[in-house]
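> sequence first, predicted coordinates after that:
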Amino acid sequence: MVDTQKKKVVVIGAGVGGVATAARLAKAGLQVSVYEKNDFHGGKCSNIVHNGYRFDRGASIMLMTEVFEETFHHLGTCMSSEGIDLLKCEPNCNVWFQDGDCFATSTDIAHMKRQIEKVEGSKGFDRFIAFLQESQSHYEKSVIHVLKKDFPSFLSLLRPAFLPYLFRLHPFHSVWQRAANFFRSHKLRQVFTLGSMYLGMSPFETPGTYTLLQYAELAGGIWYPRGGFHRVVDSLVEIGTRLGVKYHLSQPVKEVAISPDGKAFGVLLDADRFVEADAVVINADLLYAHRALLPSNLPGQAGLDRGKDISCSSISFYWSLSKKVPQLETHNIFVEDSFGQLSPQIYMKRQSLLKPSFYVHVPSRIDPSAAPAGKDAVIVLVLVENLGGSDPMNSPSEKNGITKLVAAARKHVIFSIEKRTGSVGIKKLIEHEITNTPLTWQETFNSERGGIFGLDHSFFNILSFRPKIRPDNFDGIYFVGASTHPGAGVPTCLAGASLTAQRVLSDLEVPIPWESRNPKINQVGSQYSTNNLFVQSLGKRLFFTIVLYMAIGIALGTLWAI
């Protein structure tokens, strides 16, 4: 029996992936310490409280509740036992078009039938059902073969269980192409590709697999935890504390201590304080971690430059309104005609006149505790370019550009809400405003260039192409979070926390308590045991074969679209 009490793990960052991983490792009996640079936990999934108003800083759309439930189940509890009360949002979301039309998505199939047939005629509903069937397949196969599986090498793409679905998941098509295969009207193609905005991407750039997000919303519904999305993180922290996790807030990590042969043995908090560890889990932004926390003189570090792959950023407004705006539902998306047109751009640029689609969340509509009586808390999210422009980051020119962008975004948002919903005087209702910009995301959360989704989710940034949970050039270092497999989004990061915890426990030869009553380490470790010299050599040759198939698939997908 392994003496797990002697195994120590340090987790850097208390985002949702970090706290979920910490709790899982503590459940297995390890000594876990979490170090967080801010004075709060949750990262971008934290909240903002001001004068009786409560805002979700980032995530507000809860999908895939079964992933949340699984996390709590693995920790020996459930969400209801932890006091998490989920409220169902109905309708799911109001989609407001430029011409004043509003389409309300819902899990109510009769409601959807009436709306779809109004736009596309009697046969439109049949096409909707066919779209749901395909997106359901994307969802179910992705949960089994992607969300719950690690992809430690390119050979992972050739797993017998996964390979048959590689093309059936339509990764070489875009979500727009998949929607266009079923819907005739431009408006419905827009409605059923809006999930791409959850990844900060254009529907022309997002792999077709991600229609699974539309299925998750339309079949499973959108939910909201009473008390705010941060309640989920609070509960994971509370569970972790009960299991022995030690949380250290306002305590940034200066550097990961690594031996000359690439083995991590702890972290440096400052020049005088060192914390020993058998493993280090990094929940900080991945590119920031490689640049600031890991030594650059080790093999493989110098070649890590994925700046071009960083996702877009956002300008987020947090408005305390003096009155309710009943025209707004809990979730609202204001869609511009340009969404789904020839230009794939969906975010604002400083040098562009494009007015993007944007998202409005009113938590007080579903949960009155989010605002004083008779008032509304409103969050607006406008996707904008990250800080990767020609101006040096944090330069006066860059800051001036952000200031102008904020003003333009605010004007666009207020004008659009008033014109499309018929509400008036929105600006006068704003008692107080808090604003997060690309600079805020960078400075507060070390998000490289202010990218709020980490690395983007284009095809060559998913599956085996996404940065690994355990990088090859280090030993004892593990990643969890948006830029690591399986990707961004709260349920995805929770699934990633499970994969990361399993990898740590496997490497430390510690039984995995949620696997079975008689867990076998080799069951998890076997997917990594193939990483020997023979397989590495074979993998190099097979990799080029895979790339060839991918190139053929992309070419066929492009021809099909034309």
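Alright, I've got the coordinates.

> now stretch 378-396: mean pLDDT?
Stretch 378-396 carries an average pLDDT of 78.

> swap in stretch 260-275?
Averaging the model's pLDDT scores along stretch 260-275 yields 90.

> measure that stretch end to end?
Between the opening and closing residues of stretch 260-275 lies a distance of 18 Å (Cα to Cα, to the nearest Å).

> what of stretch 388-397?
Using Cα to Cα, the span of stretch 388-397 from its first residue to its last is 13 Å.

> what helices or strands is the one helix or strand residue 315 maps to leaning on?
Per DSSP states H and E, residue 315 falls inside strand 313-321. With contacts defined as 3 or more Cβ pairs under 8 Å, 6 or more residues apart in numbering; DSSP states H and E, the packing partners of strand 313-321 are strand 47-50, strand 53-56, strand 376-384, helix 396-421, helix 426-429, strand 430-436, helix 438-445. The way it works is simple: take the backbone N, C-alpha and C, and place the C-beta from them, glycine included.

> dig out what residue 96 forms beta bridges with.
residue 102, residue 334 (DSSP bridges).

> output the helices and strands packed on strand 313-321 in JSON lines, with distance to residue 456 and mean neighbour count appended to each entry.
Listed next are these as JSON lines, based on distance: least, Cβ to Cβ, whole Å; neighbours: other Cβ atoms under 10 Å:
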{"stretch": "strand 47-50", "distance to residue 456": "26", "mean neighbour count": "16"}
{"stretch": "strand 53-56", "distance to residue 456": "23", "mean neighbour count": "24"}
{"stretch": "strand 376-384", "distance to residue 456": "12", "mean neighbour count": "24"}
{"stretch": "helix 396-421", "distance to residue 456": "20", "mean neighbour count": "16"}
{"stretch": "helix 426-429", "distance to residue 456": "32", "mean neighbour count": "15"}
{"stretch": "strand 430-436", "distance to residue 456": "20", "mean neighbour count": "16"}
{"stretch": "helix 438-445", "distance to residue 456": "15", "mean neighbour count": "20"}
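
> and these, which one is worst for confidence?
When those are compared by mean pLDDT, helix 396-421 comes last with a mean of 90.

> burial count for the closest residue to residue 500 other than its chain neighbours?
Spatial nearest neighbour of residue 500, excluding adjacent residues (Cβ to Cβ, 6 or more residues apart in numbering): residue 480 at 4.2 Å. The number of residues packed around residue 480, counting by other Cβ atoms under 10 Å, is 32.

> hang on, residue 480 packs against residue 469?
Yes - taking contact to mean Cβ atoms under 8 Å, the distance of 7.2 Å between residue 480 and residue 469 places them in contact.

> what's the overlap in contacts for these two?
496, 500 (Cβ atoms under 8 Å, 6 or more residues apart in numbering).

> tell me the contacts of residue 325?
With Cβ under 8 Å, 6+ apart, residue 325 has these contacts: 362, 376, 378, 417, 421, 423, 426, 429.

> can you tell me which of the residues you listed is nearest residue 113?
Minimum distance to residue 113 across the contacts of residue 325 is 24.8 Å, recorded for residue 421 (Cβ to Cβ).

> and the closest one, how far from residue 381?
When distance is defined by Cβ to Cβ, to the nearest Å, residue 421 is 17 Å away from residue 381.

> wait, what's in contact with the residue nearest to residue 500?
Shown here is residue 480, whose contacts under the criterion Cβ under 8 Å, 6+ apart are 17, 18, 20, 21, 281, 282, 283, 469, 493, 496, 497, 500.

> could you single out the nearest of those residues to residue 59?
When the contacts of residue 480 are compared for distance to residue 59 (Cβ to Cβ), residue 493 comes out closest, at 9.6 Å.

> hmm, residue 16 and the closest one touching each other?
Yes - under the criterion of Cβ under 8 Å, residue 493 is in contact with residue 16, at a separation of 5.3 Å.

> thinking again about what came up before, want to throw the contacts of residue 480 into JSON lines with distance to residue 101?
Putting the contacts of residue 480 into JSON lines (distance: Cβ to Cβ, whole Å) gives the following:
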{"residue": "17", "distance to residue 101": "39"}
{"residue": "18", "distance to residue 101": "42"}
{"residue": "20", "distance to residue 101": "40"}
{"residue": "21", "distance to residue 101": "44"}
{"residue": "281", "distance to residue 101": "47"}
{"residue": "282", "distance to residue 101": "46"}
{"residue": "283", "distance to residue 101": "42"}
{"residue": "469", "distance to residue 101": "44"}
{"residue": "493", "distance to residue 101": "35"}
{"residue": "496", "distance to residue 101": "38"}
{"residue": "497", "distance to residue 101": "41"}
{"residue": "500", "distance to residue 101": "44"}
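
> among those, which are located in helices?
When helices are assigned by DSSP state H, the members of the contacts of residue 480 inside them are 17, 18, 20, 21, 493, 496, 497, 500.

> farthest pair in these?
Of all pairs drawn from the ones in helices among the contacts of residue 480, the one with the longest distance (Cβ to Cβ) is 18 and 496, at 10.7 Å.

> what do these two both touch?
Overlap between the neighbourhoods of residue 18 and residue 496 consists of 480, 481, taking contacts as Cβ under 8 Å, 6+ apart.

> what is the nearest of the contacts of residue 325 to residue 463?
In terms of Cβ to Cβ, no member of the contacts of residue 325 lies closer to residue 463 than residue 362, at 36.1 Å.
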